[in-house]
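> I would like the atomic coordinates for the input below:
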Amino acid sequence: MIEPEVQPLLEPREGIPPVIQDGRALATVIDAFARGSGPVAVDAERASGYRYSGRAYLVQLRRAGAGTALVDPVTCPDLSALDRALADTEIVLHAATQDLPCLTELGLRPRRLFDTELAGRLLGYERVGLGTMVELVLRLRLEKGYSAADWSRRPLPEDWLRYAALDVEVLIELRDALHAELATTGKLGWAMEEFSAVLAAPAAAPRSDPWRRTSGIHKVRSLRGLAVVRELWTLRDRIARNADLAPGRVLPDSAIVQAALDQPRTTKALTDITPFVGRAARRHLDDWLAAVTRARGLPDGALPQPVGHGDGPPPANRWADRDPAAARRLVAARTVMAALSDEHHMPAENLLQPDAVRRLMWEPPADVSAEAIAVRLRELGAREWQIALTARPLAESLQRLEIKGEV
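So this is what the prediction gives:
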């Protein structure tokens, strides 16, 4: 069968709508969307890479009978009235976990969700970006030229607004096609569980020692060097937060790591590290040098220590040395998960979270029956559909090892 030709999607059907920038215009939009029908497509544009915060700088909406609306959340920061109007409505998002936090900040909290990216994963699509999904499923081509733009810019250029409107132009059609495919493949119930789990997930807890995620920190071998990373990262974070700039625009991670390796003692030595003379960084040269000096002068007892592994198992590449039996269990489990992935045409990580597999295999219950494995998976946050598919095969893999005396 010959696939229909892909058609470029160049203009919104009703043209580029005006940006909603005041309460009166927003009230008109809310009334129109309340009177519309069917699901509501939603998208949000942030300024990641430009601004410190993850706030939304544009919210796009589309619903049958209401058309498309572009809302400026800088001038309309409270969407709680829209939330109330759509309380019983299914909200369609692509990669919902990316947009839900900034929508929640605005007071828009979906009660019902359809995530087209997650649906694509469950259906086994190898590439699940919005543009790719629209092309594969609807045979339409979206232009994706402004996804990484600085959406905090004002006024927003017309080309950007066109792009933003097109992002929700066919999202409901994509939802409908994927909904039908999920139903045909028997995966619709699984998807509904997943969507509910996304909405029910608690907000991510703040990371302990977030400075340890500095890119390239593995090059820093000394505790004194880690102290330099910590001091510079903390200073940069404060500067970036106060200026609402992405931290990398103040000072790149590479500069922090190099300073930790060199531990410069003078301003001249500091500025020999090129990024420190960048426009944003050079304003704070005295502060950077003071941070390095402070780290160099810390007593040994105040130096950061090598990071542990929290309450979870160690990295899998260390299992063979730490616990050979656990390593064998993990190999067996991964074999099971790979087979189930092939059988159900979806990534293994969507069948069952990899962390749950690792924790189960590192410390399995004494009773390795399917029922006991199901209980443990439930404790680890697995959904019921995941448990139904994986508990028995994983239990049987452990039972085989038990018979061989390899557990």
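
> for the host helix or strand of residue 231, the distance to its chain's centre please.
If you go by DSSP states H and E, residue 231 is part of helix 223-243. In this view, helix 223-243 has its centroid 24 Å away from the chain centroid, taken as C-alpha atoms, centre = their mean, to the nearest Å.

> Show me the beta-bridge partners of residue 71.
With DSSP bridges as the criterion, residue 71 is bridged to residue 20, residue 59.

> Give me the contact list for the helix holding residue 231.
52, 209-211, 214, 217, 220, 245-247, 249-251, 256-257, 259-261, 263, 280, 284, 287-288, 291-292, 294-296, 298, 300, 302-306 (C-beta atoms under 8 Å, 6 or more residues apart in numbering). In this view, the C-beta of every residue, glycine as well, is placed from N, C-alpha and C.

> What's the first helix or strand after it?
Following helix 223-243 in sequence order, the next helix or strand is helix 247-250 (DSSP H and E).

> Now do that following helix: which elements does it pack against?
Packing partners of helix 247-250 (3 or more C-beta pairs under 8 Å, 6 or more residues apart in numbering; DSSP states H and E): helix 223-243.

> then the helix it packs on to CSV, C-alphas only?
Provided in CSV are the C-alpha atoms of helix 223-243 (Å, rounded to 0.1, in the frame of the first residue of the first chain):
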residue,chain,number,x,y,z
LEU,A,223,37.7,16.8,47.6
ARG,A,224,39.2,20.3,47.5
GLY,A,225,38.3,20.5,43.8
LEU,A,226,34.7,19.3,44.6
ALA,A,227,34.5,22.2,47.2
VAL,A,228,35.4,24.6,44.4
VAL,A,229,32.7,23.2,42.2
ARG,A,230,30.2,23.5,45.1
GLU,A,231,31.1,27.1,45.9
LEU,A,232,31.1,28.3,42.2
TRP,A,233,27.9,26.5,41.4
THR,A,234,26.1,28.0,44.4
LEU,A,235,27.3,31.5,43.6
ARG,A,236,26.3,31.1,39.9
ASP,A,237,22.9,29.8,40.9
ARG,A,238,22.3,32.8,43.1
ILE,A,239,23.4,35.2,40.4
ALA,A,240,21.3,33.4,37.7
ARG,A,241,18.2,33.3,40.0
ASN,A,242,18.4,37.1,40.8
ALA,A,243,18.9,38.0,37.1
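
> Could you list the low-confidence segments of the stretch 301-407 of the chain?
Applying pLDDT under 70 to the stretch 301-407 of the chain flags the ranges 308-311, 406-407.

> can you map out the helices along it?
All helices of the stretch 301-407 of the chain, identified by DSSP state H, counting those that start in this stretch, fall at 319-322, 324-344, 348-351, 354-362, 370-379, 384-404.

> just the ones you listed: most buried one?
helix 354-362 (a mean of 20; mean count of other C-beta atoms under 10 Å).

> With only the CA atoms kept, save that helix in PDB.
Extracted C-alpha coordinates of helix 354-362, given in PDB (Å, rounded to 0.1, in the frame of the first residue of the first chain):
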ATOM      1  CA  PRO A 354      14.000   0.300  35.100                       C
ATOM      2  CA  ASP A 355      14.500   1.500  38.700                       C
ATOM      3  CA  ALA A 356      11.800  -0.900  39.800                       C
ATOM      4  CA  VAL A 357      13.400  -3.800  38.000                       C
ATOM      5  CA  ARG A 358      16.800  -3.000  39.600                       C
ATOM      6  CA  ARG A 359      15.400  -2.700  43.100                       C
ATOM      7  CA  LEU A 360      13.400  -5.900  42.700                       C
ATOM      8  CA  MET A 361      16.400  -7.900  41.500                       C
ATOM      9  CA  TRP A 362      18.800  -6.400  44.100                       C
END
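
> who touches that helix?
Defining contact as C-beta under 8 Å, 6+ apart, one finds that helix 354-362 is touched by 312-313, 316, 319, 323, 326, 329-330, 333-334, 337, 348, 373, 376-377, 380-382, 394.

> at 6 Å what do you get?
313, 326, 329-330, 333, 376, 380, 382 (C-beta atoms under 6 Å, 6 or more residues apart in numbering).

> cool, stretch 69-76 as well?
Contact with stretch 69-76 is made by 17, 19-21, 26, 29, 56, 59-61, 106, as judged by C-beta under 6 Å, 6+ apart.

> sorry, back to before: next, format the helices of the stretch 301-407 of the chain as a markdown table and append distance to residue 225.
A markdown table is the format used below for the helices of the stretch 301-407 of the chain (distance: least, C-beta to C-beta, whole Å):
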| stretch | distance to residue 225 |
| --- | --- |
| helix 319-322 | 27 |
| helix 324-344 | 32 |
| helix 348-351 | 34 |
| helix 354-362 | 30 |
| helix 370-379 | 40 |
| helix 384-404 | 42 |
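
> Residue 170 is nearest to which of those?
Across those, residue 170 has its closest neighbour in helix 348-351 (24.2 Å, C-beta to C-beta).

> just to revisit the earlier point, just curious, which of the contacts of stretch 69-76 is nearest to residue 137?
residue 60 (19.7 Å).

> Let me see the contact set for the closest one.
Here residue 60 is in contact with 43, 70, 164, 167-168 (criterion: C-beta under 6 Å, 6+ apart).
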